[in-house]
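J.: Fold the following, please.
(3 chains)
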Amino acid sequence: MSERVGTQGLLFNEPLLWERGSRGRSGMSLPRADVEPAPVYEDLIGNGPDIPDLSEPEVVRHYTRLSQWNFGIDSNMYPLGSCTMKYNPKTNEKQAARSGFAGAHPLLPSELSQGALQLMAELEQYLAEITGLDAATLQPAAGAQGELTGMLIMHAWFKHHDDRRSKIIVPDTAHGTNPASAALCGYRAVPAASGPDGILETAVIDRLMDDETAGIMITNPNTLGFFEENIKAIAQTVHRHGGLVYCDGANMNALMGIVDLAAAGVDILHLNLHKTFSTPHGGGGPGSGPVLVRKKLEPFLPVPRVIPDGKGWRLSDDFPLSIGKIHAFQGNFGVMVKAYSYIRSMGADLKRASQLAVLNANYLKERLKGVLHLPYDRPCMHECVFTDALQQPHGITTLEMAKRLMDYGFHPPTVYFPLVVKGALMMEPTETESRDDIDRFVEALEAVAKEAAESPELLREAPHVCKTERLDETEAARNPRLTG
Amino acid sequence: MKEISELLFPEDVLYAEDHEWSKIEDGVATVGINDYAQDQLGDIVYVELPQVGESFERGDEFGTVESVKAVSELYMPLSGEIIAVNENLEDSPELINQSPYEEGWIIKIRPDDDNEAEELMEKEAYLSFLKGDD
Amino acid sequence: MRYLPHTDDDISTMLRVTGADSINDFFTVVPEELRRPSEMALPDALTEWELNDRMAALSNANTGATDFLSFMGAGSYDHHIPETVPFLAGRSEFATSYTPYQPELSQGTLQAMYEYQTLVARLTGMEIANASMYDGASALAEAILMALRITKKNTVAVSAAVHPFYRQVVRTYVEPTGCSVLELPVLESGRTDLSTLASSANCAVAALQSPNLFGCVEDLPTAARIIHDQGGLLAASFTEPVAFGLYRPPGDDGADVACGEGQSLGIPRSFGGPGVGIFCTRSRYVRSMPGRLVGKTRDRSGKRGFVLTLATREQHIRRERATSNICTNSSLCALSSAVYLASLGGSGLRRLAKLNYDKTEYLKRNLSEAGWTMPFTSPTFNEFVARVPRGDAEEVHRGLREKGILAGVPLGRWYPDLRDCLLLCVTETATREDMDRLVSEVRS
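T.: Predicted coordinates for the structure are as follows:
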C-alpha cells in the first residue's frame, strides 16, 4: 500500500467564542460619528445583546482553528453518495464577489441591473438546454425548496383544471426529502417498490397510478445509481391518467449532454447548483435549486420572472397563474453567478464531466467488488452502493467502517442510505477525482476491510486521529443543549 | 442488535403485532413496548405520551418513541381510556431500554371491551409471529 | 479542461478494469429514444482569463450597484463588512464541506453553528435557534406552519406592514393547507392595527415585523398579550437585526418565534441572496421547530464536542410527517453572520445601532426642513417613510436617479395609498456629506 494520506498534525484546542474576549475590545472599525446624537424613546430601548467583545486577531484565530477541525473537498476525496462533492473552482468565488454582483440591491431598477438580469436569463437558457426542458425558475434556494416549488406547480396545475388529487407515487429509491415536500402540498406519498434490478418496473406504476394520483416523484438516476430505464413507459402511464412526472434531478451529474429528460416524459425537474454545477456546499448551504418545466407548466412558475424588454431584460410579476413567490427576492443570486461561471468555463466539456463521473463510479465499483459486498452487480451511473455484509461475520458494521476511513484521511461515503439496501455505503466519486486518488481510496477501504477481519477493535474505537473521538449522540438527543 | 433467543419475553403479558405488550390486572391494562422493539430501536431518547383522559380505538396511534435516528409510532393494543402515563419517561426515556416490562411501562388503559384481549398473542404465538416477521 | 484529471492513458486503464470498450458502454442502459440527438448548444468554453472579461462586463452592467449614492433598504441593507468575514468564511475547510453528517470530521462547522445558534438567540432575546433557514421570508412562512401545527387552529393573521414579498411567500406556503390568511391593517402611526386580533379565536399566529416595512417599531408586548389570550402564538419577523443593538429584542416583548433575515450581519446584498434565515423560538417548541439543530455533547473520552441532533423531526427520518422539508439551509452565511457578530461584539453592535439611528434621524430632520413630510409618527430605526411635497414619488425617484442618487424605494408599487411616498434607509455607510447631497438635490 502506498503512503497513507491521513496523518497526524498539530491541531489547536479552542474555547467557545464567549469564553474568549474582554468587555471593551473591538474587532471592527466603526465609522466616526459625523452627526449629533439623537434622543431615543427610552421605553423601547433594550440592554443590548450579550455578545462577547473580541479583537480582530482573536476573531481570526478562533475561526482559523475551528476551520482546521473540518474536512472539505479541498482536503481530500469526499465520496458522499447523491451529494456530488466535486471540486469547487476558485474563479467562481472571485466572479460572485465582483462589486457589481455582490453590491447589487435586489430592488434596483432594471436599467441599473442589466448585468444580473442577463446572467439570470442566460443561466435559465443553459439549464433548459442541458436538461431538455423548456423554461426555468432560479428562485428556489435549495433542492428541497425546488421540490416544494415543483409540488406547488403540480398543485396549481390541478387546481387550475378543477382536478383534486390526493396522492403521489414515491419510489423507494427516491431521495428522502421527496415525501416531506409532497406532504407540504397535501399529497400523501404512495410508496412504489423497485424491482430486482434496482429500477422501477412499469407494471408497478400501472397498478398504483389512478385518477386520484397527481403523479410520480422519480429520482433519475435513482439512489442506487441506476438509470430508470423504464421512465418513458412510466411517464406514459402517469400521463394517461392525467398525472404529471416530477424528476428529482439531484443526480443530473450523470446525464449532462447524454439524456434528454423531456423525451423521457419529465414535466418538472429540479437541479442542485451546489451539486452538479460546482458551487460550494458551505457546510450545509447556501444552495440553489432551479426548477425546469415543460411549456404547458411555464405559466405556473414563481414570480418575478426575467423577461426580455426591448434590448434588455426586466423582472415581471405579470403571470396570473403563477404559484407566487417562494423567496424574498430572486433566489440565491450569488450561487447562480458561480454556476454560470462554471458552465461558461466548461462549455461542451459538461458532457465530458458526466462521462467521467460515470467512468469513475464504475471503476470504483469494479475495484471494490469483493472488498465490500455489492448488492446489485450491474453497470452504474455516477454512484454505486455497497453493504457491510462481508464484514458482518466479524461483527463490523457500516458505521464502524465509515469511522475508520477517517483515520485513513477520507471522508466516508453516505451511510445507511438508500433504505432499500441494509447497511448501505453509497459512493459517488465525481469526475474531479483522478484515478490515483480513487486508487488510494480503494487501498484505504481494502486496509479497513482487512482490519475488520483481523483487529476489529480498531474499527470499533475509530476514529483515532480526528479532533474528537466518537461523539455521544444519544446524550445530545436526550438532553438537548442548543445554546450556550 | 441481539438474537431473538437473547431477548426476554415474559409469560404473564400479551403481545401485539406492533410489538407492544399488555398486562391486564383488575380491569386495568398496563402497556409498553417489548424487549424486541426496544432492541431494534436502540437507545431511546424521547417518548411522546398521550394525555390522561384521552380515549383511543384499538390500532390508533397514541404516541411515539424516538431513538437518535428513528421514530416509531405506538399503537393501542386495546381500545380504551388512558388512565395513567409513565411520567418518569419524560426525563428518563432510557427506562424503556433498561426495563421494558417494569419501570419502562408507558401507559395504563381502562379497556372498553374485555373480548379484545383475546386477539392478542401469548408468548409462543408471538415468538412464531416474530420469526416469520424477521 | 483543468478541473478534469483524466489522461487518455487513465481512461483506457480504467475501462480495462471495468471490462468496457468505451465510456459509451456505460450508457447503453439509456434507451436510444431518450438520448440527445445532438450536442448541447452551449457557448464555447472560456479560459480563466476570458471568463474574467465576460464576468467583468456583466458585473459592470449593474451600474446601480457601483455608480450611485444609495438610500435603498426594504429588506436588503448596505452595511460595512469587515474583511475578516469573507476571509474566514471563505476558508475552504468551511466552504467546501458538506452538511456535517460525520461529526468527528466536522467539528469546525458544528462548533461554529452552535455558536451561531447562541449568538442569534441572544440577539433576539429567545431561548433556542436553529442552524438557519433559506431567508427571512421562508423563516416566517415556516414559523407560521409551525404555529398551525402547535395550535391546530386554521387562520393566520399577518400585518400589512410585513414586507410585501414576505407576505407573498407566506401565501405560497400556506395556500395548500387551506388555512385562511387575515391581513391586519396599518394605523396612521405606521404600526399595525391590532383591534381585529382580539376577536379572532381561530387565529394560530399573529405575524408582525418589527421594525416593520415602514421602519416603525411595533408594539409587540400588546400584540403578544392579545394573541396569547386567544391561544395563538406571536411570530416576530424582522429584516434588520442591527435594530436589536438598540431596541428591545422580540424575545423580551413576548414573541414565541423570532424569525427574519440576517443579511445585515456581514453578508453582501448579492441582488437578494444568499442571505440567512434566522429562526429562534422558546425551548418548549423544540420538537415542533423546523430546520437543523446542533447540540453540545461529549466524546468517549469526555471531551466537549458537537453533533447534529433531534434529527427525528427532519425530512430524512420522519418523511411526510417532518416539521419541514428543509435540508440544505444557509450554513456558510450563518457562519458569516457569526464572524460578523464576533467582530462587532456586544459593545460594537450597540454603537453601530445608535449610529444608524442617529444618522437616520439627521436625514429625517433635514428632509423635513426641505419640505418633505413624514406620514408615520412611530419611532423608527434606520428606515422611514417620506412623503414628497408634489407629484408622484416614482417621478421624484427618477429625477434623483439622474443626479446619481437612488432615493430609496417608491412605495406606490405595494401600497397605492402611498404613491407619493418613498421608503428611505440610512446605515453607517452614509456620511453626513452623502445625506447633505440628497437634501440639497431635494431642495433644488
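J.: How about the residues of the stretch 151-300 of chain C by chain B?
T.: Taking Cβ under 8 Å from any Cβ of the partner chain as the criterion, the stretch 151-300 of chain C approaches chain B at residues C:Arg287. Any C-beta I mention is one placed from the backbone N, CA and C, and that applies to glycine too.
J.: Can you name the residues of chain B sitting close to chain A?
T.: By the criterion of Cβ under 8 Å from any Cβ, the positions of chain B lying close to chain A are B:Asp43, B:Val45, B:Tyr46, B:Glu66, B:Ser67, B:Val68, B:Lys69, B:Pro93, B:Glu94.
J.: Need the residues you listed in TSV (columns: pLDDT, neighbour count and secondary structure).
T.: Formatted as TSV, the entries for the residues of chain B next to chain A read as follows, by pLDDT from 0 to 100; neighbours: other Cβ atoms under 10 Å in any protein chain shown; DSSP: H, G, I helix; E, B strand; the rest coil:
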residue	pLDDT	neighbour count	secondary structure
B:Asp43	94	18	coil
B:Val45	95	24	strand
B:Tyr46	94	19	strand
B:Glu66	93	25	strand
B:Ser67	91	22	strand
B:Val68	87	24	coil
B:Lys69	82	15	coil
B:Pro93	95	21	coil
B:Glu94	95	17	coil
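J.: farthest pair in those?
T.: Between all members of those, the longest pairwise span (Cβ to Cβ) is found for B:Lys69 and B:Glu94 and amounts to 16.1 Å.
J.: Assign C:Ala131 to helix, strand or coil.
T.: coil (DSSP: H, G, I helix; E, B strand; the rest coil).
J.: what number of residues lie near it?
T.: Burial measure for C:Ala131: 29 neighbouring residues, criterion other Cβ atoms under 10 Å in any protein chain shown.
J.: Give the next helix or strand downstream of the lowest-mean-pLDDT helix or strand in chain A.
T.: Ranked by mean pLDDT, DSSP states H and E, the weakest helix or strand in chain A is helix A:178-184, scoring a mean of 90. Past helix A:178-184, heading to the C-terminal end, the next element that is a helix or strand (DSSP states H and E) is strand A:188-192.
J.: Show me the helices in chain B, by range?
T.: Assignment of helices within chain B using DSSP state H yields the ranges B:35-41, B:88-91, B:95-98, B:123-133.
J.: out of the ones you listed, deepest packed?
T.: Scoring the helices of chain B by mean neighbour count under mean count of other Cβ atoms under 10 Å in any protein chain shown gives helix B:35-41 as the most buried, with a mean of 21.
J.: what does that helix rub up against?
T.: The contact list for helix B:35-41, computed with Cβ atoms under 8 Å, 6 or more residues apart in numbering or on different chains, reads B:1-2, B:4, B:7-9, B:19-20, B:44, B:65, B:67, B:70, B:72, B:96-97, B:100-101, B:104, B:130.
J.: and if we set it to 7 Å?
T.: Under the contact criterion Cβ atoms under 7 Å, 6 or more residues apart in numbering or on different chains, helix B:35-41 has outside partners B:1-2, B:4, B:7-9, B:19, B:44, B:65, B:67, B:70, B:72, B:96-97, B:100, B:130.
J.: among those, which ones are buried?
T.: With neighbours counted by 16 or more other Cβ atoms under 10 Å in any protein chain shown, the contacts of helix B:35-41 contain buried members at B:Leu7, B:Phe9, B:His19, B:Ile44, B:Val65, B:Ser67, B:Ser72, B:Ile96, B:Asn97, B:Pro100, B:Leu130.
J.: got TSV for those residues, with distance to chain C too?
T.: Rendered in TSV, the data for these read as follows (distance: Cβ to the nearest Cβ, whole Å):
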residue	distance to chain C
B:Leu7	24
B:Phe9	27
B:His19	18
B:Ile44	11
B:Val65	10
B:Ser67	8
B:Ser72	10
B:Ile96	15
B:Asn97	16
B:Pro100	20
B:Leu130	24
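J.: give me the element the residue lying closest to A:Met401 once chain neighbours are set aside is part of.
T.: Computed as Cβ to Cβ, 6 or more residues apart in numbering or on different chains, the closest residue to A:Met401 that is not its neighbour in sequence is A:Val448, at 5.4 Å. With elements delineated by DSSP H and E, A:Val448 resides in helix A:435-454, which encompasses its position.
J.: Report the buried residues of that helix.
T.: Using 16+ other Cβ under 10 Å as the test for burial, helix A:435-454 gives A:435, A:437-438, A:440-449, A:451-452.
J.: Just the mean pLDDT for that helix, thanks.
T.: Per-residue pLDDT values across helix A:435-454 average out to 97.
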